[in-house]
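A.B. asks: all I have is the shape, not the residue letters:
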């Protein structure tokens, strides 16, 4: 094959908006650079100045200590990324440096960055560290182990296995590890708002609507995955601390006593207030050096050692764990917290027993339908205000005939069936697991006018047996949606079903609106900003590669973020810029929207970092029946009532963020120009923005 030829792979995907199968060509030579580096967290880590400085200071101490011992400093850097820590070691005076990176594109970046900085002696190995062999890949054992293998849960990226293998196969006795030690901390809290991310609560609205969750949706472990969030942004009045922060596990990264096997520990904690223990919050500290003088903390603001000057980061945040047993305690009672971890995860429990079950395995959800609800989705289903709007809107309508509901594992069919008990409600589900979950929830509530059936996304009508529909309803919500407008799958389904809709059939929602606003972020901009130089080391090669990858796309693409976690300031008013009329079929022609957003004259912002996009759904012709996936509250017929300096965002959804290639100072602009095109054949929205 000619070296200039592109290697293409045809890949079949299901379009989450249109529901159609599509064949997409994928360039195998360029895929990794664009999809994995351009959208990775590498830039976020490299902008973490506290992390970078502390690593550098600790590496200098480690190399100096090895030289004081009369030894050559031989460094093994596992998970090198750009090669930054290896370059720090070389500058500190390390004589031999081996850097390991399993991710091939980043290994290539590390090779280029280290060579461009003149560090020819740094050897880059593109392997998983546990596959590296002494005598083959490296000539001799190292005596300084540098790693950055940590995630929000500390050990979720396989740090224990990597350390265990390195210490027993690749490192000398009495080696120095940077970082030296990690300690995990927990705080026990009571929080109904957090608990709404874990279980379905009973719902009662007016005289007609009453839904009681079956026990499988309430009890037990629920979704096993940790819920990681920016705890500093969680409202402090929405939880009550029942304990002080308490250490539970320590990991000495340079000790051969470190095990890559399950451990358990009981922490007896005195309750600082009366309440019900429901949730465990967790974070960790890194002791970077052997003396303990260099400490990095990932604690939330209320217990951070330098809360007045916290380093912002998004690659290490905090974890939320839900206790399978909830117990009430009075102030000064002793809480017996049982903590466990295996190779990758932590989990917790409480009880009155003084003995800990050391054989306790990681809790798994044994009810598959519950696992279909993500944490934000559960919060959405438990949202009383949102449910009230849905029910009020349903009751506002006059429906006589069959009702068809389409959303993923939704409560809407139960709302509709209890609102119109004389009508037959048909609930469509794509998966057998969702079908089972909804069927069992309907039966548990003894609702006899709901039928739950499965459908194929590319031909929904064939499952209806020519039934005529008087109301076609959706939230809409689909688990496969990545960006806010992907829930327009509801519109495509409505178009497929056009022949099944009775004359005068009502569609709920009747319309959808795409909304936008330009913003300045306090910190989120860092995840996409060029790195340039870190601790004196130019990393511009990575910036250049990311820019080249992005330039290959005709249209710059937005990405999803839960903006309640990321403080921001609006620099324009929010505006509805595009309307989707669900009472009509999806059109054949492109829907375009071109316009200008004047900058707010009273905004405290100084820079425009990007554009935020979200959807609003007009449920009925009554303009008060509107729900939002973005800014709160929802607008009233397009009129927004928000605090521009601190907008409030839905905690149940991720909004789309279009980051500008370069941040623009507002002193140099007066308007934000937008050019949007909705492509009906693909369901995509192409967009361009500039400031004038």
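C.D. replies: That came in fine, so what should we check first? Given the structure is predicted, the values throughout are model-derived calculations rather than measurements.
A.B. asks: tell me where the model's unsure across this structure.
C.D. replies: Applying pLDDT under 70 to the chain picks out residues 1-12, 23-41, 359, 552-555.
A.B. asks: which stretches in it count as helices?
C.D. replies: Remark: helices assigned in the chain by DSSP state H are 31, 42-46, 49-68, 84-92, 104-116, 159-169, 192-195, 368-371, 375-381, 384-396, 412-419, 432-444, 489-496, 540-551.
A.B. asks: just put these in a markdown table and tack on distance to residue 660 and mean neighbour count.
C.D. replies: Just so you know, the C-beta spots here come from the backbone N, C-alpha and C atoms, and that holds for glycine as well. Shown next, in a markdown table, are the helices of the chain (distance: least, Cβ to Cβ, whole Å; neighbours: other Cβ atoms under 10 Å):
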| stretch | distance to residue 660 | mean neighbour count |
| --- | --- | --- |
| helix 31 | 25 | 15 |
| helix 42-46 | 15 | 23 |
| helix 49-68 | 23 | 19 |
| helix 84-92 | 26 | 26 |
| helix 104-116 | 24 | 20 |
| helix 159-169 | 36 | 20 |
| helix 192-195 | 34 | 18 |
| helix 368-371 | 38 | 19 |
| helix 375-381 | 27 | 21 |
| helix 384-396 | 32 | 18 |
| helix 412-419 | 38 | 23 |
| helix 432-444 | 39 | 18 |
| helix 489-496 | 29 | 22 |
| helix 540-551 | 12 | 17 |
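A.B. asks: any chance of the ones you listed in JSON lines with distance to residue 453 as columns?
C.D. replies: Output for the helices of the chain, formatted as JSON lines (distance: least, Cβ to Cβ, whole Å):
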{"stretch": "helix 31", "distance to residue 453": "38"}
{"stretch": "helix 42-46", "distance to residue 453": "44"}
{"stretch": "helix 49-68", "distance to residue 453": "52"}
{"stretch": "helix 84-92", "distance to residue 453": "55"}
{"stretch": "helix 104-116", "distance to residue 453": "45"}
{"stretch": "helix 159-169", "distance to residue 453": "45"}
{"stretch": "helix 192-195", "distance to residue 453": "32"}
{"stretch": "helix 368-371", "distance to residue 453": "16"}
{"stretch": "helix 375-381", "distance to residue 453": "21"}
{"stretch": "helix 384-396", "distance to residue 453": "21"}
{"stretch": "helix 412-419", "distance to residue 453": "11"}
{"stretch": "helix 432-444", "distance to residue 453": "7"}
{"stretch": "helix 489-496", "distance to residue 453": "14"}
{"stretch": "helix 540-551", "distance to residue 453": "44"}
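A.B. asks: mind checking these for the one nearest to residue 519?
C.D. replies: The minimum distance between residue 519 and those falls on helix 42-46, with 18.2 Å, by Cβ to Cβ.
A.B. asks: what's the neighbour count on residue 199?
C.D. replies: Other residues near residue 199 come to 19 when the count uses other Cβ atoms under 10 Å.
A.B. asks: the nearest residue to it once chain neighbours are set aside and residue 348, how far apart?
C.D. replies: Distances taken as Cβ to Cβ, 6 or more residues apart in numbering put residue 218 closest to residue 199, at 4.7 Å, once the chain neighbours are dropped. For residue 218, the distance to residue 348 (Cβ to Cβ, to the nearest Å) stands at 19 Å.
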